[in-house]
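Novice: pasting a predicted model and its sequence here:
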Amino acid sequence: MSVVIVGGGVMGASVAWHLARHHNREVVVLERDTSYALASSARSACAIRQQFSTAINIRVSQASLAFYRDIAVHLATPDDRPDIGLVEPGYLYLAATEHGAAQLRAQHTLQASLGVSTALLTPPELCARYPWMQVDDVLLGSLGLSTATSGEGWFDGYAAMQAFRRAAIAEGVTFVEAEATGVVTSGVATSGAQVDAVVTRDGRHWPTTQLVIAAGAWSAPVAAWLGVDLPVRARKRDVFAVQAAESLPDAPLLIDPSGVWCRPERAPGQFLCGAPPRIDADDVPLDAVDHALFEEHIWPVLASRIPSFDALRVISSWAGYYEMNTFDHNGLVGPVPGWQNAFAACGFSGHGLQQAPAVGCGLAERMATGAYRSIDLSPFALTRIASGQPLLEQNVI
Ligand SMILES: Cc1cc2nc3c(=O)[nH]c(=O)nc-3n(C[C@H](O)[C@H](O)[C@H](O)COP(=O)(O)OP(=O)(O)OC[C@H]3O[C@@H](n4cnc5c(N)ncnc54)[C@H](O)[C@@H]3O)c2cc1C
């Protein structure tokens, strides 16, 4: 019998690869759409940062960055040495209020204590480093530096997901294109019930030793089969690809105090940008890109921050779902309470691509050995929901 993973995006594929490669487990991944048309892993902005306000998110990003830096070695197969085009120009958080500046300073202290290198920059220092940026309203900036133990930037997330998938298949993992629609269980939930099989829409039963819920924004319906109310919702986020008149030398991923973000693409003068939505509702269709968000909010903010962005042309746009954990905006990882052999890896709320390597590693260890070994993911435990103890992260984008 196999471990059965529902969802073959970056999270499911990472857990599958770690289980097969490092723990010699038989694994079946059920993925309803192998074109990944709607999967968050195919619609992401694909950035990785260390500038979090909680130790667990920092540690997870450090471990994941180390993995992504060497992905060509870790996920090499006889036919493939994956290249995800990781670059590390840093994230630049700007603060325009005393409160925001105090937060950056406090986070700098925590980040430094964990070996993360961030530079706190005054307005004159920001001007000297980024002469193309207007900083009249800015009090402080925090820039992530690339060092042996830390770094921030972006990469090709779809390539990373495919690399996990191909490497998992090379280790013997079976990916099946099928939609999971239910489970067969035994025992009583309060005393440790058990998932015996997963059922797919085509009527097949997949006997399982352990179940992993890695269905991204669609994880709550899967958990509902176990009688568990998982606070994970599909929340649309829009991304705009724009052409500017010129490239910006050494541009980082900029987080404006307004919440607008922007980062360069590979092609000269091209950038991705976005902002929190005006209405954050569940299940808004992905074909409904909010163009007014760009016209009325993002562009004016960017044009005043970067004067050369006065002339911008949108060359494409798309939307994807954050798998939003509405309880506390952080990953839900580990055993599903009340179940002997059910686990979750979901709810990453917009930072799942960067967390996939470390979460896959830790959860596979927990499932195979009963304990976290390389990285302790217990702060992400689902038990925090019932006990009403949110894991509060200030830097949610
Ligand atoms: C616009 C946008 C920008 C983002 N930017 C970043 C970023 O900069 N950095 C970062 O780290 N993260 C970012 N994210 C978040 C990141 O993309 C996600 O956290 C990550 O991709 C989640 O991976 P996943 O495998 O859990 O989910 P998905 O990639 O969504 O995969 C889940 C899979 O489960 C399948 N599935 C669902 N239900 C079933 C079922 N019943 N049976 C079978 N299959 C099923 C789906 O088809 C899907 O393929 C962003 C996301 C969006 C939308």
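Specialist: Now that the structure is in, tell me what you want to look at.

Novice: what segments of the stretch 51-200 of the chain are helices?
Specialist: Assigned by DSSP state H, counting those that start in this stretch, the stretch 51-200 of the chain shows helices spanning 55-69, 71-74, 98-113, 123-129, 157-170.

Novice: just send those helices back as CSV, with mean neighbour count and distance to residue 323 too.
Specialist: For glycine as for every other residue, the C-beta is placed from the backbone atoms N, C-alpha and C. Listed next are the helices of the stretch 51-200 of the chain as CSV, based on neighbours: other C-beta atoms under 10 Å; distance: least, C-beta to C-beta, whole Å:
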stretch, mean neighbour count, distance to residue 323
helix 55-69, 21, 16
helix 71-74, 16, 22
helix 98-113, 15, 24
helix 123-129, 14, 34
helix 157-170, 23, 14
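
Novice: to the ligand, which of these lies closest?
Specialist: Closest to the ligand of those is helix 157-170 (C-beta to the nearest ligand atom; 6.2 Å).

Novice: the residue nearest to the spatial centre of the chain: what's it in contact with?
Specialist: The centroid of the chain falls nearest to residue 352 when counting by C-alpha atoms, centre = their mean (1.8 Å). Residue 352 is in contact with 10-11, 40-41, 216, 323, 331, 359, counting by C-beta atoms under 8 Å, 6 or more residues apart in numbering.

Novice: so can I have TSV of the helices of the stretch 51-200 of the chain showing distance to residue 365 and mean pLDDT?
Specialist: Putting the helices of the stretch 51-200 of the chain into TSV (distance: least, C-beta to C-beta, whole Å; pLDDT from 0 to 100) gives the following:
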stretch	distance to residue 365	mean pLDDT
helix 55-69	12	97
helix 71-74	16	98
helix 98-113	25	96
helix 123-129	41	98
helix 157-170	16	98
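
Novice: could you redo these as TSV and give each row distance to residue 305?
Specialist: Below are the helices of the stretch 51-200 of the chain laid out as TSV (distance: least, C-beta to C-beta, whole Å):
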stretch	distance to residue 305
helix 55-69	25
helix 71-74	33
helix 98-113	15
helix 123-129	11
helix 157-170	26
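
Novice: could I get those helices as TSV with distance to the ligand?
Specialist: Shown next, in TSV, are the helices of the stretch 51-200 of the chain (distance: least, C-beta to the nearest ligand atom, whole Å):
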stretch	distance to the ligand
helix 55-69	9
helix 71-74	15
helix 98-113	18
helix 123-129	23
helix 157-170	6
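
Novice: which of the ones you listed sits closest to residue 383?
Specialist: helix 55-69 (14.6 Å; C-beta to C-beta).

Novice: give me the residue from the stretch 101-250 of the chain nearest the ligand.
Specialist: residue 216 (2.6 Å).

Novice: is the nearest residue to that residue once chain neighbours are set aside in a helix, a strand, or coil?
Specialist: Nearest residue to residue 216, sequence neighbours excluded (C-beta to C-beta, 6 or more residues apart in numbering): residue 323, at 4.6 Å. Three-state assignment for residue 323 (DSSP: H, G, I helix; E, B strand; the rest coil): strand.

Novice: surely residue 259 touches residue 275?
Specialist: Yes - with contact defined as C-beta atoms under 8 Å, residue 259 counts as touching residue 275 (5.5 Å).

Novice: who has more neighbours, these two?
Specialist: Neighbour comparison, residue 259 and residue 275: the larger count goes to residue 275, with 22 against 14 (by other C-beta atoms under 10 Å).

Novice: pLDDT wise, what is the more buried one at?
Specialist: On pLDDT, residue 275 comes in at 97.

Novice: and the nearest residue to it once chain neighbours are set aside, how close does it get to residue 94?
Specialist: Of all residues not flanking residue 275 in the chain, residue 260 sits nearest, at 4.5 Å (C-beta to C-beta, 6+ apart). Residue 260 is 10 Å from residue 94, where distance means C-beta to C-beta, to the nearest Å.

Novice: neighbour count: the two, which is higher?
Specialist: Per other C-beta under 10 Å, whichever of residue 260 and residue 94 has more neighbours is residue 94, with 25 against 21.
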